[in-house]
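Engineer: just coords:
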C-alpha cells in the first residue's frame with residue numbers, strides 16, 4: 001500500500017499523469033485502499049499534464065469511493081478547469097466546495113478567479129475577490145494580479161477602483177505595499 005501510494009506521489013511531482021492513473025488502477029485490481037492523498041497526487045499529476053477531463057474524472061471518482069474531498073482536492077480540480085478553459089465548471093466546483101463547507105483558501109479563490117479572468121468574466125472575478133474578506137480568506141499577489149488582469153478585459157475603471165479601495169485602509173494598504181514589494185521585477 002505504502003509503496004504504491006508513494007509511487008503515485010512521485011508521478012505527481014514528475015507530472016507523469018498516465019503512470020499515476022495506471023497505478024491507481026493497479027491499486028483497485030489488488031484491492032489496495034486508495035487514500036485522499038493518493039487521489040490528490042493523481043489529480044495533481046493530471047492537472048500538471050493539462051489533462052483537465054481526467055483530473056475531474058478522478059475528482060468525482062474520489063467522491064464516490066472515499067467520500068468528501070478536502071481543500072487540496074477541490075483546489076486542484078478548479079485549477080484543472082482553469083487550465084482547460086472551463087470557467088463554468090470551476091465555478092460549479094467552487095460552489096460545491098462552499099456548499100459542502102470545505103475550507104476555502106487563497107489558492108481556491110485564486111484558481112477560480114483566474115478561470116474567470118481567462119474567460120473574460122471580469123464581473124464574476126471581482127465578485128469572487130470581494131467574497132474573500134467575508135470568508136476570512138486573505139488575498140495574495142497572485143490573487144490581486146488575477147483580479148487586475150480580469151479588470152483589464154473591459155472594466156479598467158473597476159481595476160482602478162479596486163486599487164484605490166485597497167489603498168484606503170491602513171491594513172489593506174500595508175498588505176498591498178507588501179504584495180507589490182514582493183512582486184518580481
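Structural biologist: Now that the structure is in, tell me what you want to look at. From a predicted model like this one, the values you see are computed outputs, not experimental measurements.

Engineer: Phi, psi for residue 134 please.
Structural biologist: phi -70, psi -30 (degrees, to the nearest 10).

Engineer: what about it, how many residues close to it?
Structural biologist: Neighbour count for residue 134, taken as other Cβ atoms under 10 Å: 7. Just so you know, the C-beta spots here come from the backbone N, C-alpha and C atoms, and that holds for glycine as well.

Engineer: do the same with residue 6
Structural biologist: Residue 6: 14 neighbours (other Cβ under 10 Å).

Engineer: In what element of secondary structure is it found?
Structural biologist: Assigned by DSSP states H and E, residue 6 falls within helix 2-14.

Engineer: Show me which residues of that helix are buried.
Structural biologist: Neighbour-count burial for helix 2-14, counted by 16 or more other Cβ atoms under 10 Å, picks out 4, 5, 7, 8, 9, 11, 12.

Engineer: now stretch 138-157
Structural biologist: Buried residues in stretch 138-157, defined by neighbour count with 16+ other Cβ under 10 Å: 139, 141-151, 153, 155.

Engineer: Out of those residues, name the ones that lie in helices.
Structural biologist: Counting by DSSP state H, the buried residues of stretch 138-157 place 141, 142, 143, 144, 145, 146, 147, 148, 149, 150, 151 in helices.

Engineer: So for this structure, the centremost residue is which one?
Structural biologist: Geometric centre of the chain, nearest residue: residue 75, 3.3 Å, by Cα atoms, centre = their mean.

Engineer: what helices or strands is the helix or strand harbouring residue 64 leaning on?
Structural biologist: Using DSSP H and E, residue 64 sits within helix 52-66. Helices and strands touching helix 52-66, by 3 or more Cβ pairs under 8 Å, 6 or more residues apart in numbering; DSSP states H and E, are helix 17-29, helix 36-48, helix 71-83.
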